[in-house]
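In: please work out how this folds:
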Amino acid sequence: QVQLVESGGGLVQAGGSLRLSCAASGRTFSSYAMGWFRQAPGKERDFVAGISWTGRYIYYTDSVKGRFTISRDNAKNTVSLQMHSLKFEDTAVYYCAAANTGYAGSNQDEYDYWGQGTQVTVSS
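Out: Predicted coordinates:
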């Protein structure tokens, strides 16, 4: 069982930056693939970024490439999402997710554990 707690959300102006963090419980964190998803008001939850258990494989949805960076620290059981050049359309609740497998893609069904989410609001 893994518990995930996100932090770092908030209100930021367009063009600004935020760093989201996800703290995970559990001794096997280093064996999980991790991902970030987001859900905007009235929309489905969408994939944002993912990272394999070693951190070797990293992938992003096209709309955030070049602006967002996912990273993990297995010693601290954390995964982060650094967001730069934020746009109004990045406004959403951001969720951290963990997959029992070492590799996971952009499909929500691949992920087994979810955090409660943290709100990111970008003002235009």
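In: wait, L20 touches L4, no?
Out: No: taking Cβ atoms under 8 Å as the definition, L20 is not a contact partner of L4, at 11.7 Å. C-beta here means a position set from N, CA and C on the backbone, and glycine is covered the same way.
In: find residues that contact each of these two.
Out: By Cβ atoms under 8 Å, 6 or more residues apart in numbering, L20 and L4 have these common neighbours: C96.
In: point out where the protein drops to low pLDDT.
Out: Under the criterion of pLDDT under 70, none of the chain is flagged as low confidence.
In: how about the strands in it?
Out: Ranges of strands within the chain are 4-7, 10-13, 18-24, 33-39, 45-51, 58-60, 68-73, 78-83, 92-99, 113-114, 118-123, based on DSSP state E.
In: mean neighbour count and distance to S106 added to those strands, as TSV?
Out: Below are those laid out as TSV (neighbours: other Cβ atoms under 10 Å; distance: least, Cβ to Cβ, whole Å):
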stretch	mean neighbour count	distance to S106
strand 4-7	18	18
strand 10-13	13	25
strand 18-24	20	17
strand 33-39	24	8
strand 45-51	21	4
strand 58-60	16	7
strand 68-73	18	13
strand 78-83	22	15
strand 92-99	24	11
strand 113-114	18	15
strand 118-123	17	19
